[in-house]
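A.B. asks: Can you look at this prediction? I've put the sequence above it.
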Amino acid sequence: MQNSRVQRNAALRFEVTSSNNFPTAAGIASSSSGFAALAGACAAAVGLSSTEDELSALARVGSGSAARSVFGGFVGLSAGAMHARQLYPPQHWPQLRVLIVVVRREQKPWTSRDAMESSRNSSPFYPAWVDSSEREYEQGVAALERRDINALGEAARRSYLRMFGTMLSADPPILYWTPESVEVIRAAAELRSRGIAAWETMDAGPQVKIITLSSDLEAVRKLVAQAVPAAEFLVAVPGSGLRYEPETAS
């Protein structure tokens, strides 16, 4: 969760205080929640009565993924779109869980923006990855509609592996994985071999996210903890999106 507080004076100068309750710049999309919170706080400070679409477009200026964080539930951002859109509300799939396995808390060596630019400019695999992304997105949305955990997990797994393949082929190569990341990936494969829903995915960082169901969550957590004893865990559920909280006196 990320909070941004904007104080307004007569000259409309902003003082912004931003904080989150998970590692920043470490591969857990802190910019996504951060810029969504900032967009909402700034709009409220100047008295704008903005729609979610408008706030999404504003948040997108800071981070493409922030455009999705404005909405609750399950959200999509199509290629070239100015704002995201809600595909389904949170209650569409209340059993879905994402177990975030934090293996390293320190900031990653490359920002997501720098890694993307380097991959775009130097990786021979970049065009193929972009071309395949649209198919993976469509397959993921179809799996979400059916609430098919295996199909959704397969699409997410293919997507992140192709992304990392693209970064590895950049010049110079970009590698976010750590030995602990690999151990979590292997643990997810072991869980699937036992018939447990555990589909890993990753962003631009070393942390691993495992897509699972509430009924399998503890089994997944237990095996991953055995594989990486020092790992920290965060559990994400379908959320409510951007919300405003009254400022409390400090």
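C.D. replies: Cool, the structure landed. Residues are numbered from 1 along each chain as shown.

A.B. asks: Every contact and neighbour count from this point should use C-alpha atoms.
C.D. replies: Noted.

A.B. asks: so where is this structure shaky, pLDDT-wise?
C.D. replies: 1-12, 22-29, 246-250 (pLDDT under 70).

A.B. asks: by contact count, what packs against the host helix or strand of Val101?
C.D. replies: Val101 is located in strand 96-102, with elements delineated by DSSP states H and E. With contacts defined as 3 or more Cα pairs under 8 Å, 6 or more residues apart in numbering; DSSP states H and E, the packing partners of strand 96-102 are strand 208-213, helix 217-227, strand 232-236.

A.B. asks: and the shortest one, what does it pack onto?
C.D. replies: Going back to what we said before, that points to strand 232-236. By 3+ Cα pairs under 8 Å, 6+ apart, strand 232-236 packs against strand 96-102.

A.B. asks: Just the residues contacting the strand it packs on, thanks.
C.D. replies: When contacts are defined by Cα atoms under 8 Å, 6 or more residues apart in numbering, strand 96-102 is touched by residues 184, 206-214, 217, 221, 231-238.

A.B. asks: got the residue ranges for the strands in this structure?
C.D. replies: 2-8, 14-20, 74-76, 85-88, 96-102, 199-201, 208-213, 232-236 (DSSP state E).

A.B. asks: could those strands be laid out in a markdown table, adding mean neighbour count?
C.D. replies: Shown next, in a markdown table, are the strands of the chain (neighbours: other Cα atoms under 10 Å):
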| stretch | mean neighbour count |
| --- | --- |
| strand 2-8 | 18 |
| strand 14-20 | 13 |
| strand 74-76 | 20 |
| strand 85-88 | 18 |
| strand 96-102 | 22 |
| strand 199-201 | 25 |
| strand 208-213 | 24 |
| strand 232-236 | 13 |
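
A.B. asks: Turn those into CSV, columns for distance to Pro172.
C.D. replies: Output for those, formatted as CSV (distance: least, Cα to Cα, whole Å):
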stretch, distance to Pro172
strand 2-8, 33
strand 14-20, 32
strand 74-76, 32
strand 85-88, 36
strand 96-102, 26
strand 199-201, 23
strand 208-213, 23
strand 232-236, 30
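
A.B. asks: Could you point out which of those sits nearest Cys42?
C.D. replies: Cys42 lies closest, by Cα to Cα, to one member of the strands of the chain: strand 2-8, at 6.5 Å.

A.B. asks: Quick check: bridge partners of Val98?
C.D. replies: Ile211, Ala236 (DSSP bridges).

A.B. asks: Show me how the chain divides into domains.
C.D. replies: Domain assignment for the chain by automatic domain parsing gives 2-90, 91-236.

A.B. asks: where exactly do the helices run in this structure?
C.D. replies: 30-45, 52-62, 66-69, 112-122, 126-146, 149-168, 179-193, 217-227 (DSSP state H).

A.B. asks: Need those in a markdown table (columns: distance to Ser19 and mean neighbour count).
C.D. replies: Below are the helices of the chain laid out as a markdown table (distance: least, Cα to Cα, whole Å; neighbours: other Cα atoms under 10 Å):
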| stretch | distance to Ser19 | mean neighbour count |
| --- | --- | --- |
| helix 30-45 | 8 | 22 |
| helix 52-62 | 16 | 22 |
| helix 66-69 | 15 | 29 |
| helix 112-122 | 19 | 16 |
| helix 126-146 | 31 | 16 |
| helix 149-168 | 27 | 19 |
| helix 179-193 | 26 | 18 |
| helix 217-227 | 27 | 17 |
